[in-house]
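1. Quick one, what's the 3D model for this:
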Amino acid sequence: MPDLTATINGSFAAHYENLRVKLHKWVDPLTEAQFWRNPFPYGNDIGHLVLHLTGNVNYYIGAQIAQTGYVRDRHKEFTDEHPPTKAEALQKFDDAISLVAATIRKQSSDDWSVTYSGRGSTSTNRFGIVLDCAAHADHHIGQIINLSRELSRSPLT
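-> Now for the predicted structure:
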């Protein structure tokens, strides 16, 4: 009989790693200007969504489960007037996903049930927050795909 914990750990870690691949597929072809430009009068640009996803997993999984000491400034994820370059933002995202995958792979069957009480979360255990963060990332990567499609129709400025 397969080990359920190994299945959960492997599947969750692979899902996060696939999110990284999917994000890069749609973001890598964009110019620096496109990365930080919102083609619509509403919502966010891709760059700030990447900063937001990075902050989200660094806080909920990094700080709260892996005990990294990460301090989140959620407001700045959307409003930073001097954001990092596209390459820097993507590297920080990649580092966060690597941390998440490594943290997930270390969880024991008992760890998944550990009480979770991160600020702003309704999840009550580690399994729930890892699932919530995955769903959150899927949602925003869907937005990023739509933005990338729109920006690809625009001039590369």
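
2. backbone phi and psi for Gly43, please?
-> Per-residue torsions, Gly43: phi 80, psi -160 (degrees, to the nearest 10).

3. show me the contacts for it.
-> Contact analysis of Gly43 by Cβ atoms under 8 Å, 6 or more residues apart in numbering lists Gln143, Leu147. From N, CA and C alone the C-beta is placed, and that goes for glycine too.

4. Ok, Pro84 next?
-> So Pro84 contacts Leu51, Lys92 (Cβ under 8 Å, 6+ apart).

5. Which pLDDT value does the model give it?
-> For Pro84, the model assigns a pLDDT of 97.

6. That one in helix, strand or coil?
-> Classification of Pro84 using DSSP: H, G, I helix; E, B strand; the rest coil returns coil.

7. Please identify the buried residues of stretch 97-109?
-> Ile97, Leu99, Val100, Ala101, Thr103, Ile104, Gln107 (16 or more other Cβ atoms under 10 Å).

8. Stretch 112-119 now?
-> Trp112, Tyr116, Gly118.

9. Inside helices: which ones of the buried residues of stretch 97-109?
-> Per DSSP state H, helices hold the following members of the buried residues of stretch 97-109: Ile97, Leu99, Val100, Ala101, Thr103, Ile104.

10. Next, format the residues you listed as JSON lines and append pLDDT and distance to Gly43.
-> Compiled in JSON lines, these are given as follows (pLDDT from 0 to 100; distance: Cβ to Cβ, whole Å):
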{"residue": "Ile97", "pLDDT": "98", "distance to Gly43": "23"}
{"residue": "Leu99", "pLDDT": "98", "distance to Gly43": "27"}
{"residue": "Val100", "pLDDT": "98", "distance to Gly43": "25"}
{"residue": "Ala101", "pLDDT": "98", "distance to Gly43": "28"}
{"residue": "Thr103", "pLDDT": "98", "distance to Gly43": "30"}
{"residue": "Ile104", "pLDDT": "98", "distance to Gly43": "30"}
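
11. Show me which of those residues is closest to Val71.
-> Leu99 (15.0 Å; Cβ to Cβ).

12. Could you look up the SS state of the nearest residue to the closest one once chain neighbours are set aside?
-> Closest residue to Leu99 apart from its sequence neighbours, by Cβ to Cβ, 6 or more residues apart in numbering: Gly62 at 5.4 Å. What three-state DSSP gives for Gly62 is helix.
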